[in-house]
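Trainee: Quick one: sequence and predicted model below, then my questions.
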Amino acid sequence: MDVRTRILHAAAELLTRSPEADVSTRAVCEAAGVGAPVLYRHFGDKEGLLTAVVDFGFEQYLASKRARKASADPVRDLRDGWDNHVAFALDNPNYYRLMYSPGLSTPPAAATEAHELLLAVLERCAAAGRLRVSPELAAQLVMPANTGVALLLVTRPGIYRDTAEISTRVREAVVAAIVTPDEPARTAAPATDPRGELAVAAANLGALLRASPESPLTPTETALLLEWLTRISDRPTV
């Protein structure tokens with residue numbers, strides 16, 4: 001095991017046991033058997049160390065998400081992704097609290113990758129005609145809600161005791177807000193909400209256009225069309 005990995009293992013172990021979800025560089029150095037200059041040479045400062053520790057701790061979670069095969073139902077995959085996110089937070093509360101700590105000015109790479117994986121699922125929902133808004137807006141609604149629920153369950157366990165029910169209720173409220181309740185819009189019954197159906201169709205077309213390897217449009221025309229479709233799909237319907 002190289003020095004950098006040894007430091008990460010030591011910091012991760014200390015973080016797991018810490019009641020405040022924090023570690024001191026002195027304690028990490030002592031546990032890893034290195035001097036402070038070695039730690040700072042590898043990580044720059046304490047924030048750099050903690051950011052690396054978060055990515056180190058989240059690697060197993062992200063690896064499982066990368067390896068997960070998409071099902072035939074992207075909406076089910078969206079629900080499963082929410083549940084897995086909350087489960088990881090409950091199983092690893094200190095990693096999770098640290099990942100979203102305001103003390104880290106640079107977001108860990110794990111947070112960026114988690115967002116990208118969510119966006120990929122939402123793109124599939126849109127391509128199937130199941131999304132009411134653009135994948136980008138949907139991700140901006142899902143991720144804060146998912147993170148907020150997980151953080152509350154981790155930091156306020158005495159208040160939020162029935163974790164499964166709370167998480168499921170919030171999840172379903174968010175899903176209902178961004179996903180159509182029926183089959184894809186192209187096979188659905190006649191619209192009773194024209195503006196809502198237009199938003200679904202725009203999100204669907206945008207996803208299909210982004211996924212298409214070829215387009216009769218120029219890159220500039222494609223970008224402009226995608227901008228128009230996003231405006232239509234993300235326009236408030238109430």
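Mentor: Sure thing, it's come through. Residues are numbered from 1 along each chain as shown.
Trainee: Please report phi then psi for the residue of the chain most remote from its centre.
Mentor: Going by Cα atoms, centre = their mean, the residue of the chain most distant from its centre is residue 35, 36.0 Å out. Phi and psi for residue 35, reported as degrees, to the nearest 10, are phi -90, psi 160.
Trainee: That one - nearest residue in space that isn't next to it in sequence?
Mentor: Of all residues not flanking residue 35 in the chain, residue 29 sits nearest, at 6.3 Å (Cβ to Cβ, 6 or more residues apart in numbering). (C-beta placed from N, C-alpha, C; glycine too.)
Trainee: what about that neighbour, how many neighbours?
Mentor: 19 (other Cβ atoms under 10 Å).
Trainee: Return the residues in contact with it.
Mentor: Residue 29 makes contact with 35-36, 38-39, according to Cβ atoms under 8 Å, 6 or more residues apart in numbering.
Trainee: continuing past the host helix or strand of it, what's the next helix or strand?
Mentor: Per DSSP states H and E, residue 29 falls inside helix 25-32. Scanning forward in sequence from helix 25-32 by DSSP H and E, the next helix or strand is helix 36-43.
Trainee: Give me the contacts around that next one.
Mentor: 3-4, 7, 25-26, 28-29, 32, 49, 52.
Trainee: roughly how far is it from the heart of the chain?
Mentor: A distance of 31 Å separates the centroid of the chain from that of helix 36-43, by Cα atoms, centre = their mean, to the nearest Å.
Trainee: does residue 51 really touch residue 106, like I thought?
Mentor: Yes: counting by Cβ atoms under 8 Å, residue 51 touches residue 106, with 6.0 Å between them.
Trainee: what about those two, which has more around it?
Mentor: More crowded of residue 51 and residue 106, by other Cβ under 10 Å: residue 51, with 23 against 9.
Trainee: where does this structure have low pLDDT?
Mentor: 182-195, 237-238 (pLDDT under 70).
Trainee: all helices of it, in order?
Mentor: Along the chain, the segments classed as helices by DSSP state H run 3-17, 25-32, 36-43, 46-67, 74-91, 93-99, 109-127, 135-155, 163-178, 194-211, 219-234.
Trainee: most neighbours per residue, which of the ones you listed?
Mentor: helix 93-99 (a mean of 23; mean count of other Cβ atoms under 10 Å).
Trainee: for that one, packing partners?
Mentor: helix 3-17, helix 46-67, helix 135-155 (3 or more Cβ pairs under 8 Å, 6 or more residues apart in numbering; DSSP states H and E).
Trainee: and the residue nearest to residue 147 when sequence neighbours are not counted, how many residues sit next to it?
Mentor: Spatial nearest neighbour of residue 147, chain neighbours left out: residue 100 (6.3 Å); criterion: Cβ to Cβ, 6+ apart. By other Cβ under 10 Å, the residues close to residue 100 number 17.
Trainee: gap between stretch 215-235 and the chain center?
Mentor: The answer for stretch 215-235 is 25 Å, by Cα atoms, centre = their mean.
Trainee: go on, stretch 202-214?
Mentor: The answer for stretch 202-214 is 22 Å, by Cα atoms, centre = their mean.
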